[in-house]
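**Student:** Here's my sequence, what's the structure:
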Amino acid sequence: MAFTLWTLFEASLLCLNAVCVLHEERFLAKVGWGANQVHGFGEQPSVKSQVLNLIRSIRTVMRIPLIFLNILTIVFKLILG
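**Tutor:** Prediction:
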């Protein structure tokens, strides 16, 4: 299997799906990455809070586009194998 743009697209799609599936109360809170951790005003945000903010942003922005990208990928795989 060669490393093509299609495999790069599939890998990024799988990673985005994995990030969007993470649930804050059921999974992230058990690991200690819950939503209740806030930093004070004027404080530098930690790496942990920045990663949590990135996960929330990806989940918010990419919800609808991921549905269409998944459908496109499934149809493409069904047609071309």
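
**Student:** Stretch 48-58: how far from the chain's middle?
**Tutor:** Centroid separation between stretch 48-58 and its chain, computed with CA atoms, centre = their mean, to the nearest Å, is 10 Å.

**Student:** cool, stretch 17-32 as well?
**Tutor:** Distance, stretch centre to chain centre, for stretch 17-32: 10 Å (CA atoms, centre = their mean).

**Student:** Could you do stretch 6-26 as well?
**Tutor:** Worked out by CA atoms, centre = their mean, stretch 6-26 lies 5 Å from the chain centre.

**Student:** List the buried residues in that stretch.
**Tutor:** Going by neighbour count (16 or more other CB atoms under 10 Å), the buried part of stretch 6-26 is Leu16, Val19. C-betas here are computed from N, CA, C, even on glycine.

**Student:** For Ile67, give its distance to Gly81.
**Tutor:** 23 Å (CB to CB, to the nearest Å).

**Student:** ok, those two, which is more surrounded?
**Tutor:** Ile67 (10 against 5; other CB atoms under 10 Å).
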